[in-house]
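Asks: this one's sequence-less:
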């Protein structure tokens with residue numbers, strides 16, 4: 001039996017690979033453009049009135065046709081409502097985004113709540129807890 005070498009077609013959709021340099025560059029460009037669009041656009045939705053929203057990250061698909069937009073409302077209050085409202089207005093936001101970027105195609109948008117700030121706060125609280133301080137103190141004493 002002859003073993004064949006893997007081709008680029010075999011590894012194209014591999015989940016072990018991270019995003020390409022182009023995906024990262026386009027994602028960052030989309031993040032800046034989306035932040036500008038959301039700051040300047042007049043979206044008349046009661047769930048978005050007076051709520052400052054931070055665009056923390058944009059992940060572009062390998063074909064650049066789809067993008068996940070990670071957002072966090074200021075203070076993390078009513079994040080579910082804000083994300084749902086943004087997803088209701090994604091067609092309008094995509095149109096506004098298309099006027100500001102220079103890609104061949106404007107990607108389809110999907111808004112997602114960014115939970116990294118909440119996770120970081122949980123880790124920070126755990127590190128400040130008495131149990132962790134006690135364990136760290138015991139580890140320091142045993143090394144001496």
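Replies: Everything's here; your move. In this text, all values refer to a predicted model and were calculated from it rather than measured experimentally.
Asks: which is the next helix or strand following whichever strand or helix holds residue 25?
Replies: For residue 25, the enclosing helix or strand under DSSP states H and E is helix 21-40. Secondary structure here is assigned by DSSP H and E; on that basis, the next helix or strand after helix 21-40 toward the C-terminus is strand 53-60.
Asks: identify the residues contacting that next one?
Replies: 19, 23, 26-28, 30-31, 34-35, 38, 66-74, 82, 86, 107, 114, 116 (Cβ atoms under 8 Å, 6 or more residues apart in numbering). Every residue, glycine included, has its C-beta placed from N, CA and C.
Asks: and for stretch 103-113?
Replies: 26, 30, 34, 60-61, 64-72, 79-80, 83, 86-87, 90, 93-95, 97-98.
Asks: can you check stretch 90-100 too?
Replies: Judged by Cβ under 8 Å, 6+ apart, the contacts made with stretch 90-100 from elsewhere in the structure are 30, 33-34, 36-38, 41, 43, 86, 106-111.
Asks: and it, what's buried?
Replies: Residues 93-94, 96-97 are the ones in stretch 90-100 that count as buried (16 or more other Cβ atoms under 10 Å).
Asks: now the strands for this protein?
Replies: Using DSSP state E, the strands found in the chain span residues 53-60, 66-73, 108-113.
Asks: save those as CSV, and put in distance to residue 137 too.
Replies: Below are these laid out as CSV (distance: least, Cβ to Cβ, whole Å):
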stretch, distance to residue 137
strand 53-60, 36
strand 66-73, 35
strand 108-113, 37
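Asks: now those strands in CSV, with distance to residue 141, mean neighbour count and mean pLDDT?
Replies: Formatted as CSV, the entries for these read as follows, by distance: least, Cβ to Cβ, whole Å; neighbours: other Cβ atoms under 10 Å; pLDDT from 0 to 100:
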stretch, distance to residue 141, mean neighbour count, mean pLDDT
strand 53-60, 41, 19, 92
strand 66-73, 41, 20, 93
strand 108-113, 42, 17, 94
